[in-house]
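Trainee: below: sequence and its predicted model.
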Amino acid sequence: MNHGQPFLMLNALWFKPEGGRESYRRYMKLAGPVLAKHGGRLVAGGTPRQAIIGEFDANLVFFVEYPSWRAFQDMLADPDYRQALPHREAAITKSLLIRCEKTL
């Protein structure tokens, strides 16, 4: 995988039953501007309703596009992003992030 090329990150999240979704909204409010600052953008997402093949019970799935692996790493190191992280940690019980090469 070329680290200088744009890529997609698939995010799947499982929220804590008590207040998880609300905490994640606070996280997104803080992290969204940092994402944009580093060239990232939310591409698409939604709430899974039914797994057709296999088992999958996440509460939320979405794709974020990043301009490069370096941009993603820079976002993670950004002090403003670090301030948003406690809200993410308070929100979720489990997460799955998968780096995807853009092929379509």
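Mentor: Structure's in. What do you need?
Trainee: hang on, isn't residue 40 packed against residue 63?
Mentor: No: the pair residue 40 / residue 63 is not scored as a contact, 10.8 Å apart, by CB atoms under 8 Å. Bear in mind the C-beta positions are built from the backbone N, C-alpha and C, glycine included.
Trainee: what packs against the lengthiest helix in the chain?
Mentor: Longest helix of the chain, by residue count under DSSP state H: helix 20-37. Counting contacts by 3 or more CB pairs under 8 Å, 6 or more residues apart in numbering; DSSP states H and E, helix 20-37 is packed against strand 7-15, strand 41-46, helix 69-77, helix 79-91, strand 92-101.
Trainee: the first one packs against which elements?
Mentor: Which is strand 7-15. Counting by 3+ CB pairs under 8 Å, 6+ apart, strand 7-15 packs on helix 20-37, strand 60-66, strand 92-101.
Trainee: list the contacts of the longest one.
Mentor: Pointing back at helix 20-37 there. 13, 15-16, 41-42, 59-60, 64, 75, 78, 80-81, 83-85, 87-88, 90-93 (CB atoms under 8 Å, 6 or more residues apart in numbering).
Trainee: alright, I will stop here.
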